[in-house]
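Peer 1: Kindly generate the corresponding structure for this input.
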Amino acid sequence: MKKVIRGKELRDKMEEAIALLCGTVKQTLGPMGRNVIIDHSSFNPFITNDGVTIAKNIACVSSGDEKMGMMVGEILHNIDDKEAIIIKEKNFNVLDMEFIKGYSCLINHPSEYYFQDRKNIRFDLASILIINGFIGKIDSISDILNEAILSNRALVIVARDFDSIVVNEIVALNLEGKINCFMIKISEYGLKERIIQKDLEIITGAHIIEENANITGDNIGIVKNLYLDREILKISFREDIKLNNYLHDIENELKNLDDEFDKEFYKRRRAMFKNGMVEVSIGSPTKTECREKRMRLDDAICSANAAKKGIVPGGGIALLKIAEDINIDDEASSIWKEALMKPFEQIMINAALDSNKIKDQIRNQNFHAVYNICTNEFENINNTNIVDAFLVVRNSLINACSIAGMLLTTTSLVINEYQNNINKIDDYGEL
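Peer 2: Numbers count the residues shown, from 1 in each chain. As a prediction, this is how the structure comes out:
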């Protein structure tokens, strides 16, 4: 059964919902912002002080950590695309990073044999065979295996899949010490798998073998400095004209993409062929704390990446200065002036500071000072780390105006009314 709410009843309920949302989110502002516990139907409750995440959960940002902030700064100094950042979660206390100059992709192994007593494998020199199909018989690759045995060189075979008999025979050869052969499958499927095969082909000098085609030694590529673990293949390579032309092709193809997932995939490939990747390990003893740290890291990366487009004084100072310059001529300008002062005031309130006193001192210095809550000192805006990304501030104002406009022009609400109070939400928060 449908119910229509309008008039004063609708305005009262909208005001109550907005107060609930804003009242929760504003407590998270600033370095002394509070945490919020969020329960979610899809996974365990988690703790965060990320206002966007909190708002999403009610309605359905930097790290706050000096070491994390320094690390993010170093990452983005060396890496152009944030898509080139791989984050791995660990179940112990860690915050570390490793720059990877080379190509990497996610893989699977058809046998658990390779990592029974080791975490990873490295080779200074290895042969690689790329087969775009299923290896159903050992005879189809017997010449390649014999060549690997004679040369005493490690062999990596990339294929879509392997017959269990083939897997068992190659594992047996490894156990007997006759060969060092590793079978891997690319984790992607379809077109993306094919693209990764092409990437490996251009890097290694191998030639992709189509299914049922004759396999010879001419198809083998040679790689230096190859790394394997349970999930990742990494290959180092040197730049040359062929690779530079390939990178140029990737950049041209990227310009014609519309799908965001495809864009992310191509940006990651571009990064590997250009400046490389960075692998960040982040962890805590509990999943709850690890997720909270991961969200702070994601927030810091996004904020720092946006800051490449420009920065403004942080801590609400930029908006405070705009508010100071607004002359109250009508109700609209009065609303704007009050709204722009709120972020600064709330940041001070969250830190248990007198916002009026600090505001007066900033005004006396002609808004050339920002208050550092962590050090309890004023800093010159030209020599401070208290900054906000221009794009973040601009978009927050644009989005705020958009939402306000939608709310002001909403006159009716149509909802489902449940009988017997089943799943009925009373008082906006109690079931």
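Peer 1: Could I get the full set of strands for the stretch 251-400 of the chain?
Peer 2: 277-283, 311-313, 369-372, 377-380, 387-389 (DSSP state E, counting those that start in this stretch).
Peer 1: Compare those and give me the one nearest P343.
Peer 2: Closest to P343 of these is strand 387-389 (CB to CB; 9.6 Å). For glycine as for every other residue, the C-beta is placed from the backbone atoms N, C-alpha and C.
Peer 1: Partner strands of that closest one and their direction?
Peer 2: Strand pairing for strand 387-389, using DSSP bridges, gives strand 311-313 (antiparallel).
Peer 1: Run through who's touching the partner strand.
Peer 2: Contacts to strand 311-313, defined as CB atoms under 8 Å, 6 or more residues apart in numbering, come from residues 318, 321, 367, 370, 381, 384, 386-390, 393.
Peer 1: cool, and stretch 79-91?
Peer 2: Stretch 79-91 has contacts (CB under 8 Å, 6+ apart) with 75-76, 104, 264, 267-268, 270-272, 274-285, 287, 290, 294, 297-298, 301-302, 305.
Peer 1: How far away from the center of its chain is it?
Peer 2: 6 Å (CA atoms, centre = their mean, to the nearest Å).
Peer 1: any idea of the mean pLDDT for it?
Peer 2: Mean pLDDT, computed over stretch 79-91, is 77.
Peer 1: In the strand ranked longest in the chain, which residues are buried?
Peer 2: Identified as the longest strand of the chain according to DSSP state E is strand 120-135. Neighbour counts over strand 120-135 (16 or more other CB atoms under 10 Å) mark 121, 123, 126-132, 135 as buried.
Peer 1: still on that earlier bit, just the contacts of stretch 79-91: which are in helices?
Peer 2: Among these, the members found in helices (DSSP state H) are 75-76, 264, 267-268, 270-272, 274, 287, 290, 294, 297-298, 301-302, 305.
Peer 1: follow-up on the earlier one: which other helices and strands does the longest strand of the chain contact?
Peer 2: If you count contacts as 3 or more CB pairs under 8 Å, 6 or more residues apart in numbering; DSSP states H and E, strand 120-135 packs onto helix 142-151, strand 154-162, helix 190-204, strand 209-210, strand 221-229.
Peer 1: Which of the ones you listed sits closest to L397?
Peer 2: Of these, nearest to L397 by CB to CB is helix 190-204, at 38.0 Å.
Peer 1: Which elements pack onto that closest one?
Peer 2: In this structure, helix 190-204 makes packing contacts with strand 103-108, strand 120-135, strand 154-162, strand 181-186, strand 221-229, strand 232-235, helix 241-255, helix 260-274, judged by 3+ CB pairs under 8 Å, 6+ apart.
Peer 1: let's see 6 Å
Peer 2: In this structure, helix 190-204 makes packing contacts with strand 120-135, judged by 3 or more CB pairs under 6 Å, 6 or more residues apart in numbering; DSSP states H and E.
Peer 1: who does the strand it packs on pair up with?
Peer 2: Applying DSSP bridges, strand 120-135 is found paired with strand 154-162 (parallel), strand 209-210 (parallel), strand 221-229 (antiparallel).
Peer 1: And whichever helix or strand comes after the first one, what does it pack against?
Peer 2: When you say that, I think you mean strand 154-162. Sequence order places helix 164-175 as the next helix or strand after strand 154-162, per DSSP states H and E. Using 3+ CB pairs under 6 Å, 6+ apart as the contact test, no helix or strand touches helix 164-175.
Peer 1: got a list of contacts for helix 164-175?
Peer 2: Helix 164-175 has contacts (CB atoms under 6 Å, 6 or more residues apart in numbering) with 110-111, 113, 135, 138, 179, 181.
Peer 1: Turn those into TSV, columns for distance to I232 and secondary structure.
Peer 2: Rendered in TSV, the data for those read as follows (distance: CB to CB, whole Å; DSSP: H, G, I helix; E, B strand; the rest coil):
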residue	distance to I232	secondary structure
P110	16	coil
S111	17	coil
Y113	18	helix
I135	22	strand
I138	27	helix
I179	23	coil
C181	19	strand
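Peer 1: Spatially nearest residue to the residue most central in space within the chain (excluding sequence neighbours)?
Peer 2: Taking CA atoms, centre = their mean, the centroid of the chain lies closest to D298, which sits 5.7 Å from it. Spatially, and ignoring its direct neighbours in sequence, D298 is nearest to I87 (7.7 Å; CB to CB, 6 or more residues apart in numbering).
Peer 1: circling back: by pLDDT, give me the weakest of the contacts of helix 164-175.
Peer 2: Y113 (84).
Peer 1: show me where pLDDT drops low in the stretch 251-400 of the chain?
Peer 2: Of all residues in the stretch 251-400 of the chain, none has pLDDT under 70.
Peer 1: In the helix or strand harbouring the residue nearest to D298, which of the residues would be classed as buried?
Peer 2: I87 is part of strand 85-90 when elements are defined by DSSP H and E. Of all the residues in strand 85-90, those buried under the rule 16+ other CB under 10 Å are 85-86.
Peer 1: next helix or strand past that strand?
Peer 2: For strand 85-90, the succeeding helix or strand toward the C-terminus, using DSSP H and E, is strand 94-100.
Peer 1: which residues are in contact with that next one?
Peer 2: So strand 94-100 is contacted by 71, 276-283 (CB under 6 Å, 6+ apart).
Peer 1: Whichever of these end up buried, select them in ChimeraX.
Peer 2: Buried members of those can be picked out in ChimeraX with the line below, counting by 16+ other CB under 10 Å:
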select :71,276,277,278,279,280,282,283
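Peer 1: Distance to I335 for the contacts of strand 94-100 - can I get that in JSON lines?
Peer 2: Output for those, formatted as JSON lines (distance: CB to CB, whole Å):
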{"residue": "M71", "distance to I335": "40"}
{"residue": "G276", "distance to I335": "49"}
{"residue": "M277", "distance to I335": "47"}
{"residue": "V278", "distance to I335": "44"}
{"residue": "E279", "distance to I335": "47"}
{"residue": "V280", "distance to I335": "42"}
{"residue": "S281", "distance to I335": "47"}
{"residue": "I282", "distance to I335": "41"}
{"residue": "G283", "distance to I335": "45"}
